[in-house]
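Chemist: Just need the structure, nothing else, for what follows:
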Amino acid sequence: MGSDPIVFAPIRFYAQLTSTPMRPLLCLLLVLTAVAADKPAPVETDKRVQSDGKGWRIEKAVIKDAKLPRVLLIGDSILNGYQGHATKLLAGKANVDLWVNPYNQSEGVNKLLGEVLANGPYDVVVFNMGLHGWQEGRIKPGTFEPLMKGYVEVLKAKLPKAKLLWASSTPVTVKGKPTEINAEINPNIVEQNRMAAKVMAEMGVPVVDFYGLLIDKRELARGDMFHWTGPAYNLIAQAAVDAILRELSTK
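Modeler: Down below sits the predicted model:
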């Protein structure tokens, strides 16, 4: 664990370049060019909470019917687990984009969110952050709620017509004993879910309760603390899709 969860590829690239006999300014220009051409994916330094799938990415739908509503799913490895089933359930009903990332609440991610939303407009956004923010030092005490509020404000400013849905973070279990709750980490998840729910209530954003859905179904946990089996992902995919379709029906 550490207070610096994300390592960006340009930093490593810059370090490699400056180790060669090349002017620093030229090195910096090359780095900026590379970043502008193709923004690199972030890297999560905590080996316990990896992407568990295709990797951190923005994945845009292949649009065959432009008349269908557009949906954006934002989340971490849990999204990687449930997005396949959710996309199938929404086939012919919505075009689905993904932003799979390892970020926690921060001013930086709120700025990045605005850039991601430029891929819209979207009719519905389901968003979650939680399994990458419990580590000590990643979110300063007292800042979670204002940062979460800032995140929602970006969504509302960039997508004034979109319906928003917050997905709570899933339970954390004991490694090798998936039916047991992790007494060290899970209380942090519960507290962050509580604070997030408070912000969502204040800002009029409905909650899709992934935590409540799985807390009594821990036999479906993978056994590696954070991830789940297919049946669990199918359950939360169905919950997300049900909520999405409800929101679309009111537009």
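
Chemist: where in this structure is pLDDT low?
Modeler: 1-41, 43-53, 132-135, 251 (pLDDT under 70).

Chemist: would you list every one of the helices in it?
Modeler: 9-18, 24-37, 77-89, 107-117, 144-158, 186-203, 210-214, 230-249 (DSSP state H).

Chemist: Minimum distance to residue 66: which of those has it?
Modeler: Among these, helix 230-249 comes nearest to residue 66, with 15.9 Å by C-beta to C-beta. Heads up, the C-betas are built off the backbone N, CA and C, glycines and all.

Chemist: Count the residues that sit near residue 72.
Modeler: Around residue 72 sit 26 other residues, with neighbours defined as other C-beta atoms under 10 Å.

Chemist: From residue 172, how far off is it?
Modeler: Remark: distance between residue 72 and residue 172 (C-beta to C-beta, to the nearest Å) = 26 Å.

Chemist: before we move on, the earlier item: residue 64: which of the helices of the chain is closest?
Modeler: Of the helices of the chain, the one closest to residue 64 (C-beta to C-beta) turns out to be helix 77-89, at 13.0 Å.

Chemist: Can you work out which other helices and strands pack against that closest one?
Modeler: Judged by 3 or more C-beta pairs under 8 Å, 6 or more residues apart in numbering; DSSP states H and E, helix 77-89 is in contact with strand 70-75, strand 95-100, helix 230-249.

Chemist: pretty sure residue 94 contacts residue 70?
Modeler: Yes. At 6.7 Å, residue 94 counts as touching residue 70 under the criterion of C-beta atoms under 8 Å.
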